[in-house]
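*Asks:* Here is a sequence together with a model predicted from it:
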There are 2 protein chains.
Amino acid sequence: MDDNGGNDTRGGGARGTVATTARHMQIGEVATRTELSLRTIRHYEETGLVTPSARSQGGFRLYTEGDVARLMVIRRMKPLGFTLDQMRDLLDATDRLDGGAALDADEREALLGRVRTYQEAAAEQVEKLRIQLARAEDFADTLRARLPRDAPATRTA
Amino acid sequence: MDDNGGNDTRGGGARGTVATTARHMQIGEVATRTELSLRTIRHYEETGLVTPSARSQGGFRLYTEGDVARLMVIRRMKPLGFTLDQMRDLLDATDRLDGGAALDADEREALLGRVRTYQEAAAEQVEKLRIQLARAEDFADTLRARLPRDAPATRTA
DNA sequence: CAACTCTACCCTAACGTTAGAGTAGGGATC
DNA sequence: GATCCCTACTCTAACGTTAGGGTAGAGTTG
């Protein structure tokens, strides 16, 4: 047993949990703050979604507030059902739009196009989620209807 | 290229698509009717969720209306995020409750307990879906806000 | 030293995706 | 009217993918 100990989101250790305002955080603190697992955060790095801004001499990942913000964005994107590749693509686009790197008209237009595409996909996904929710509610009700009026567990009748 | 040809839900061929009221359907018709892929339907059989009521001499799966109904139930369950194993478990329970097989009190109580458990899980899932939907809407709006007011594609400003 | 982190690797669920072979049944042929 | 053929449909088997979970064994940090 090591690492996350098998749980989901870190329990809040002793050391790294303090420096909420520090310049660098280790992965554990990031995990608690983002409610993502260590494995997930590392996986996001493997797939090029979020790369820690630095590494310690010994190789520990060191994250900044900006990194955490990016992770939070990803967390909000997840329910939209995009793949990690798509998220990376979208994040790259917005990053380049925001980063004041003076892009020429064509490039800017291309980037905006990408964002627009994702926006439309997002809107569609929202619709699907609505339908899913409706179906889920429906099914939950159906299930409840099958039960003899919330009777307690023991005692037959 | 054979089978489904790489698409998702079948396009509606020539032969099997006619006999909507026949006693047996082959997998293709079932797929169109349930909007599930051939692979998915076969997979459900592999995992013991829905077994076709019969097979043709040549080995084709033959489904009845009842089978289709069961598949539709599963389709409604999917958004609740249950695993296939859980669905099988739940379906077995309701099947045995419904099948007029005169079960004794203990057994009946046990089955109802299972259903109750799933009902609670379903209710929880509905809550999660609500939250997801909210987040998704939020994010979609955020994305839309980043776009220069739905401008057409070309022309920079 | 204790708590934390590292890489590397194997595992899972729920299908997707070929590949290669067989089947259902109607039409053309003899 | 039996045979062949053709095409649409289906079969099994098996590997691929996605988004991580879990574990091992070793190293790092405070």
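*Replies:* Here it is on my side, so go on. Since this is a predicted model, take the numbers as computed values, not measurements.

*Asks:* any idea of the angle the lowest-mean-pLDDT helix or strand in chain A forms with helix B:105-145?
*Replies:* For chain A, the helix or strand with the lowest mean confidence is helix A:105-145, at a mean of 89 (criterion: mean pLDDT, DSSP states H and E). Computed with axes from the mean of the first three to the mean of the last three Cα atoms, to 10 degrees, the direction of helix A:105-145 lies at 160 degrees from that of helix B:105-145.

*Asks:* which other helices and strands contact helix A:105-145?
*Replies:* For helix A:105-145, the helices and strands in contact under the criterion 3 or more Cβ pairs under 8 Å, 6 or more residues apart in numbering or on different chains; DSSP states H and E are helix A:84-98, helix B:65-77, helix B:105-145. All C-beta atoms are positioned from the backbone trio N, CA, C, and that covers glycine.

*Asks:* what residues does chain A put near chain B?
*Replies:* Applying the criterion Cβ under 8 Å from any Cβ of the partner chain, the portion of chain A that neighbours chain B consists of A:76-77, A:79-80, A:94, A:97, A:105, A:108-109, A:112-113, A:115-116, A:118-119, A:122-123, A:125-126, A:129-130, A:132-133, A:135-140, A:142-144, A:146-148, A:151, A:153-154, A:156-157.

*Asks:* go again using 6 Å as the cut-off
*Replies:* Among all residues of chain A, those adjacent to chain B (criterion: Cβ under 6 Å from any Cβ of the partner chain) are A:76-77, A:79-80, A:105, A:115-116, A:119, A:122-123, A:126, A:129, A:132-133, A:135-137, A:139-140, A:143-144, A:146-147, A:156.

*Asks:* Return a PyMOL selection command for the buried portion of those.
*Replies:* A single PyMOL command is used to select the members of the residues of chain A next to chain B judged buried by 16 or more other Cβ atoms under 10 Å in any protein chain shown:
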select buried, chain A and resi 77+79+80+115+116+119+122+123+126+129+132+133+135+136+137+139+140+143+144+146
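
*Asks:* Tell me how many other residues surround the residue of chain A found nearest DNA strand D.
*Replies:* Among residues of chain A, the one nearest DNA strand D by Cβ to the nearest atom of the strand turns out to be residue A:58. It sits 2.1 Å away. Residue A:58 is flanked by 5 other residues according to other Cβ atoms under 10 Å in any protein chain shown.

*Asks:* what's it sitting at in phi/psi?
*Replies:* Geometry field for residue A:58 lists phi and psi as phi -80, psi -10, criterion degrees, to the nearest 10.

*Asks:* Repeat that for the one 3 residues further on.
*Replies:* Its backbone dihedrals place residue A:61 at phi -70, psi 140, with angles given as degrees, to the nearest 10.

*Asks:* Might one say that it is in contact with residue A:27?
*Replies:* Yes. Here residue A:61 lies in contact with residue A:27, judged by Cβ atoms under 6 Å, at a distance of 5.0 Å.

*Asks:* And for residue A:106, the neighbour number?
*Replies:* A total of 9 residues lie near residue A:106 under the criterion other Cβ under 10 Å.

*Asks:* So is the host helix or strand of residue A:62 next to DNA strand C?
*Replies:* Under the criterion of DSSP states H and E, residue A:62 resides in strand A:61-62. Yes. Under the criterion of Cβ under 7 Å from any atom of the strand, strand A:61-62 makes contact with DNA strand C via residue A:61.

*Asks:* Partner strands of that strand, with direction?
*Replies:* The sheet places strand A:61-62 alongside strand A:54-55 (antiparallel), with pairing taken from DSSP bridges.

*Asks:* quick one: the residue most central in space within chain A and residue A:87, what's the gap?
*Replies:* What sits nearest the mean C-alpha location of chain A, by Cα atoms, centre = their mean, is residue A:75, with 2.0 Å. Relative to residue A:87, residue A:75 is positioned 10 Å away (Cβ to Cβ, to the nearest Å).

*Asks:* And residue A:45, by the same measure?
*Replies:* Using Cβ to Cβ, residue A:45 is found at 13 Å from residue A:87.

*Asks:* ok, the two, which is more surrounded?
*Replies:* More crowded of residue A:45 and residue A:87, by other Cβ under 10 Å: residue A:87, with 20 against 15.

*Asks:* burial measure for residue A:104, as a count.
*Replies:* Around residue A:104 there are 8 residues (other Cβ under 10 Å).

*Asks:* An error on my part: the question was meant for residue A:91.
*Replies:* Other residues within reach of residue A:91 by the criterion other Cβ under 10 Å amount to 17.

*Asks:* Equivalent analysis for the one 10 residues further on, please.
*Replies:* Around residue A:101 sit 9 other residues, with neighbours defined as other Cβ under 10 Å.

*Asks:* will you turn the helices and strands packed on helix A:105-145 into TSV that also has distance to DNA strand D?
*Replies:* Formatted as TSV, the entries for the helices and strands packed on helix A:105-145 read as follows, by distance: least, Cβ to the nearest atom of the strand, whole Å:
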stretch	distance to DNA strand D
helix A:84-98	4
helix B:65-77	12
helix B:105-145	13
